[in-house]
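Visitor: Kindly return the folded structure for what I paste below:
(2 chains)
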Amino acid sequence: MPAYRFRSDQYVSRGFKDLAISFNSNPSTDDFGAVKNERAINQSVRNLLLTILGERPFQPNIGSRVKGLLFEQWDPFAADAIKGEIRDCLKRLEPRITVQDVSVRDDSDLNGIQVELEYLITGENITQEVTFLLEKT
Amino acid sequence: MSAIPSQLTSLDFFEIKESIKSYLRTRNEFTDYDFEGSASAYLIDTLAYNTYYTAFNANMALNEAFLESATVRDNVVRIAKQLNYTPRSIKAPRACVTIRVQTQASLNGTTFPEFCTLAAGDVFVARNFNDTYTFCVTRDLQTTVDSATGIAVFDPVLVYQGNLLKFNYTVDYTKRQDYVIPTENVDTALVYVDISPNAQSQEIDTYNLATNVTALNDTSRVYYLEESDDLRYRLIFGDGVLGRKLIDGEFIRLSYVTTFGEEANGCKDFAFIGTIRDSDQRAISPANIAVVTRESAADGEARESALSIKFRAPRSFSTQNRAVTETDYEHIVSEIYPQAASVTAYGGERLTPPIYGKVYVAIRPKTGNKLNETTKARIKNDLKPYTVASVDPVIIDPTTYYIIPKSYVYYDGNNTDKSGAQLASDVLRNVDQFNKNGQNNRFGGRIEASKYNSMLDNSDPAISGSVTQLTIGQNLDQFTFGNVFTQCLDFGNSLYNPSNFSGTPDGGDGTPCSTDSDCPEGQVCIDGTCQSIGGGCDPSFSVVKSGTFYATGFTEDLVNLTMQGVGTNSTAPVISSSSITDENQVLVPVNIRDDGKGNLLLVTKRDEVEVVLNNAVGSVDYENGQVCVGPIAIGGTPDDSERLPIQVLPYGGAITIPPGVDPTLFDISVNPIDWKTNDISIPNFDPNNFSGYNYGDPTGINIIDYPTDSFTYPVDTSCF
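Guide: A predicted model of the protein is given here:
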């Protein structure tokens, strides 16, 4: 029995398990690090937002324009554009969540933008709050 | 046991990716690979891309290993090399010039130098519509100086577009050596390889390109040529069996021409930039050098493309220097007998009746008309090693059709500055070019009047159209003076049958008469009035005519006798010259023409009136184009050659060239007509050549235009 359902099915989360993107080894097993469930989804959300469109071979629609928008002049319009892009990207590519709120804040001291994201994991009525820094690197 | 990814050689990225995911589905370590944001999806993408890249690379590499699918030129060349095919290099345009040099008196002050030398290297610059280009001579040229005038003439000088470069190698047994010509755009036909025992030696052995290994031995001074990487050519020397092996320390001097190829075609007006020295080693001043362009630069070609190599290499391989098809014979004979100006080969099965097992090779030599029997036997012998067993090659002399076009070119005088004569000379130049094209397959086996006319029409924009009358000529040549002979000429095309154009007489006009001679042609005197006798009128033109000659026995006396009414235009038997007792035995100039009914007449002219001396000197088969002359004895010809021209008028607008026949355009005449001022119409029938004489009317003026000299193959005056 697979541990997932396709999108066409009713989304019922059964538990997710993914590689840790850091690729650090587990100190006790010397194996790949793994992330599970909401952490796996959280990692997926970050991966998608930090992937530039066209970066994945033969799949030009995976990723977002957020990286490019970070270099725009910071003003309410840029903030709106980033928020819109985040919502749109996650709606297209991450079927496991429903984005409820996005807020962005300029953090010029850290040369980046703080993103606060609230989303609902499909099948679990728990709102996740994730905050991360999008760096202009 | 778990499944393993199975699509690892697929050339579709998504197939490979799906294959990896399918494998992961059989495992339970990770689950998120279906979500594109997951780290495992990223990893799978990387793996799939890597697999895809490797598969693609393997596929491309394998494609490049086969001639059919290779795309990179170097690879195509490498595969063609296995088929012993050397791609055609770029070809330098060549031009022909004459250089006249006025030398100064020698150092002794009294005589002129003995000779002048034009040093090899870059000698001319010339322009075409593209740019200015350098031209070179590939070897030193020497010519003698006229001791009276001090003028030396270099003629012809073949110059090639490009720069003459030199490169040397020293043979070194301690290294693995590659003798590569270190330049792109080298014309391989202009590579010269001279080898001396060492770098200081003046003793030089010239090596030639080997084209066929069958005649080589351990002392043959030859090299092989092949294209290597990056459009460079590599020289390979013999191994001591197929060509002489080079000895350690020998010095190889290469000289070669790098060229711009076809883009330099059309250069003319050559300006001299070289050096000419006299035998006293004094350089001639440029003011004393005059250059005349004989032929402007032509024949430059680009190097053979990869596509062309792919097409030609396997076909060239399939011939393998064996004589199988007719073109194989033509190609091989022209190689083993380079003095052949043209070679035509055809299988005996194409003859009527067919002769199986023989291949006829007709060779026209560059000098003279025919090959002698010894040369024919030698060529046949040389051809034997190439021929398929049981096929017997027969070397024959070619039959030549002299196609005589008479063209009337209409032009609008208001549209051009040229005079009619200038226009005619432009047209003639084009016709010459047309005649030179395709020496081996002249005119594609058929000459179409319409194609010929369109070639004329394109000679100048002012030309609005043209009419051409084509006739065919051949020589009677199977006779010796004074001996009775019969020879049939096959013109291979049906001829106009004059009887078909003569019409029928009126039904009789009732004119009172006493004898038949009182009635018009085609009517007889019956019961005191002229009545039609039915049948056709006498034909009013001829389609066969011969050159003028002297026939044994046909003397002034005989003509006098004939003029007295003994035999003019009669069906009486030939008058025997033995019955003539008068003293005037001088032979009269005579011609042969047909009477329009299939008989050949022997005629002469007396006071501008035609006199028929013999009405049965041969026959004509109009349908098949056969003309048989004889029995008759020819006493002499105006040019003393044992050849007599016979000219015929073929039916229709095209002339078919049968196998083994070598056609050439001959005695081309172009008559320009400015239709703005002189709008006359010319029929494509041939009135000036074949009609208008006084057939059957002894009182009229004979204006038939007989050929004068025997046909001779036009001499090719080209430098090339």
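Visitor: So what's the residue count around the residue lying closest to B:Glu114 once chain neighbours are set aside?
Guide: Nearest residue to B:Glu114 in three dimensions, chain neighbours excluded: B:Ser279, at 4.4 Å (Cβ to Cβ, 6 or more residues apart in numbering or on different chains). All C-beta atoms are positioned from the backbone trio N, CA, C, and that covers glycine. Residues near B:Ser279, counting by other Cβ atoms under 10 Å in any protein chain shown, number 17.
Visitor: how about B:Ser279, phi and psi?
Guide: Torsion angles at B:Ser279 (phi, psi; degrees, to the nearest 10) stand at phi -70, psi -10.
Visitor: Can you give me the separation between it and chain A?
Guide: The gap separating B:Ser279 from chain A is 77 Å, by Cβ to the nearest Cβ, to the nearest Å.
Visitor: Equivalent analysis for B:Ile151, please.
Guide: In terms of Cβ to the nearest Cβ, B:Ile151 sits 78 Å off from chain A.
Visitor: Likewise for B:Ala462?
Guide: Counting by Cβ to the nearest Cβ, the gap from B:Ala462 to chain A is 62 Å.
Visitor: can you pull the contacts of that residue?
Guide: Listed by Cβ atoms under 8 Å, 6 or more residues apart in numbering or on different chains, the contact partners of B:Ala462 are B:411-413, B:415-416, B:418, B:423.
Visitor: at 10 Å instead, please
Guide: Applying Cβ atoms under 10 Å, 6 or more residues apart in numbering or on different chains to B:Ala462 gives the contacts B:409-418, B:423, B:426, B:672, B:674.
Visitor: which one is it nearest to, not counting chain neighbours?
Guide: B:Thr416 (3.6 Å).
Visitor: who's in contact with that neighbour?
Guide: B:422-423, B:426, B:460-463, B:674.
Visitor: repeat for A:Glu135
Guide: Counting by Cβ under 10 Å, 6+ apart, the residues that A:Glu135 touches are A:50, A:67, A:70, A:107, A:110-113.
Visitor: out of those, which is most surrounded?
Guide: A:Ile113 (22 neighbours).
Visitor: can you tell me which helix or strand the closest residue to that residue other than its chain neighbours belongs to?
Guide: Spatial nearest neighbour of A:Ile113, excluding adjacent residues (Cβ to Cβ, 6+ apart): A:Leu134 at 4.7 Å. Assessed by DSSP states H and E, A:Leu134 sits inside strand A:127-135.
Visitor: Quick one: distance of that strand to the chain centre.
Guide: How far strand A:127-135 lies from its chain's middle: 9 Å, per Cα atoms, centre = their mean, to the nearest Å.
Visitor: again, but for stretch B:201-208
Guide: On Cα atoms, centre = their mean, the centre of stretch B:201-208 falls 35 Å from that of its chain.
Visitor: Only the buried residues of that stretch, if you could.
Guide: B:Tyr207 (16 or more other Cβ atoms under 10 Å in any protein chain shown).
Visitor: quick one: low-confidence ranges for chain A?
Guide: A:1-14 (pLDDT under 70).
Visitor: for it, what spans make up the strands?
Guide: Ranges of strands in chain A, per DSSP state E, are A:17-19, A:34-36, A:97-107, A:112-121, A:127-135.
Visitor: in stretch B:618-632, what's buried?
Guide: B:618-622, B:625, B:627-630, B:632.
Visitor: quick check, nearest of these to chain A?
Guide: Lowest distance from chain A to these (Cβ to the nearest Cβ) belongs to B:Gly625, with 72.5 Å.
Visitor: is it true that the closest one touches B:Asp490?
Guide: Yes. B:Gly625 is in contact with B:Asp490 according to Cβ atoms under 10 Å; the separation is 6.5 Å.
Visitor: any shared contact partners between the two?
Guide: Joint contacts of B:Gly625 and B:Asp490 (Cβ under 10 Å, 6+ apart) are B:Pro658.
Visitor: quick check: mean pLDDT across stretch B:47-62?
Guide: Across stretch B:47-62, pLDDT averages out at 92.
Visitor: mind listing what B:Leu423 touches?
Guide: Counted by Cβ under 10 Å, 6+ apart, B:Leu423 has contacts B:409, B:411, B:413, B:416, B:459-460, B:462-463, B:670, B:672, B:674.
Visitor: Same list as before, these that is, but in a markdown table and with secondary structure included.
Guide: Below are the contacts of B:Leu423 laid out as a markdown table (DSSP: H, G, I helix; E, B strand; the rest coil):
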| residue | secondary structure |
| --- | --- |
| B:Val409 | strand |
| B:Tyr411 | strand |
| B:Gly413 | helix |
| B:Thr416 | coil |
| B:Ser459 | coil |
| B:Asp460 | coil |
| B:Ala462 | coil |
| B:Ile463 | strand |
| B:Val670 | strand |
| B:Pro672 | strand |
| B:Asp674 | strand |
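Visitor: Thanks a lot, see you next time.
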